[in-house]
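*Asks:* Next one to model:
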Amino acid sequence: MRNRIEEKIAKFIQETEVGMVVAPELNVDSDRKKWLQSQGFDDVEGLPESAGRGVDRTGKLCNTCKKGHYKETSIHDDMDGVLHCDKCGAQVVRFGKDTNKEGREMQASGVFEQVGEVFNINTAKSVADHLKGTILAPVVGVQVSDLGGAKNVSILILVSLDKKEDWPNHILENSRYSRWHFYNDGTLEQFTRSKIDMKFRKTRVKTVDEAMGKINTYLKQVKTVKETAATQAMVSNRLRKQKSGKTK
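*Replies:* As a prediction, the model looks like this:
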């Protein structure tokens, strides 16, 4: 007589398409087929290779920081079926389906979910924290937006080049600030700016660090333009005074 666990698994298989079954306790495709046959399913030879646990991401290069590798960091990772990057802490489902097509698919609990190329719903929080700690500006605000659903998760970035105590009337909009939308496919777009003449051109990046680098380069250029303009104004003012003194 089968125990309760076997009965629940068998019931689950009967209520779903056999080709999409995920049996966590089965590692080898042949074993999975034998188990299904033992549950009364004869036509299992045509099961696709993607069925079952899928690709093990243990030791794979982190798709977020491109520096660390995925591994189990605690007993909870093993229990939850997830891995974490040993560098940036990004979390991914351990077993999944990889594809080279745009918009990768990740397998979680038997359901395929399309996710972004640069980050996804599972890694967005760690990416946001990474950006907040690496963008070089007096005020940096980063938050995750999932209003478009998990597949369209994105990150909103706010940067002010002035310290809060220097904001006129303590209002952000009175400072030199800019906002970006960072989409999970790598698109980085500036959608508003104030008191900053230089425009950030819409671009697409392959890594989070590349996005951070482009923003920091832009901010550095903006600061340089301001410093140059201030220097030119100071020199012009000095020459004006000197000329006025000679006239007298």
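*Asks:* Wait, residue 160 touches residue 139, no?
*Replies:* Yes: between residue 160 and residue 139 there is a contact under CB atoms under 8 Å: 3.9 Å. C-beta coordinates here come from the backbone N, C-alpha and C atoms, glycine included.
*Asks:* and for the two, which residues touch both?
*Replies:* Shared contacts of residue 160 and residue 139 (CB atoms under 8 Å, 6 or more residues apart in numbering): 175, 177.
*Asks:* For those two, indicate the residue with more neighbours.
*Replies:* Just comparing residue 160 and residue 139: by other CB atoms under 10 Å the higher neighbour count belongs to residue 160, 21 against 16.
*Asks:* mind listing the helices for the protein?
*Replies:* Along the chain, the stretches classed as helices by DSSP state H are 4-15, 29-38, 75-80, 124-134, 208-247.
*Asks:* mean pLDDT for those: which is lowest?
*Replies:* Sorting these by mean pLDDT places helix 4-15 lowest, at a mean of 56.
*Asks:* give me every residue that touches residue 131.
*Replies:* Residues in contact with residue 131, defined by CB under 8 Å, 6+ apart, are 140, 142, 155, 157, 182, 208, 211, 212.
*Asks:* Walk me through the domains of the protein.
*Replies:* Under the assignment automatic domain parsing, the domains of the chain span 1-52, 54-114, 124-233.
*Asks:* Can you give me the distance of residue 222 to residue 151?
*Replies:* 34 Å (CB to CB, to the nearest Å).
*Asks:* So which of those two has more stuff around it?
*Replies:* residue 222 (20 against 14).
*Asks:* can you pull the contacts of the more buried one?
*Replies:* Residue 222 makes contact with 161, 176, 196, 198 under the criterion CB under 8 Å, 6+ apart.
*Asks:* Out of the contacts of residue 131, which comes closest to residue 95?
*Replies:* Residue 95 lies nearest to residue 208 out of the contacts of residue 131, by CB to CB, at 23.9 Å.
*Asks:* residues contacting that closest one?
*Replies:* Applying CB under 8 Å, 6+ apart to residue 208 gives the contacts 64, 65, 118, 119, 127, 130, 131.
*Asks:* quick one on the thing from earlier: I'd like the contacts of residue 222 as TSV, with neighbour count appended.
*Replies:* Listed next are these as TSV, based on neighbours: other CB atoms under 10 Å:
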residue	neighbour count
161	18
176	20
196	19
198	14
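*Asks:* Turn those into TSV, columns for pLDDT and distance to residue 168.
*Replies:* Formatted as TSV, these follow (pLDDT from 0 to 100; distance: CB to CB, whole Å):
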residue	pLDDT	distance to residue 168
161	93	14
176	94	11
196	92	15
198	92	21
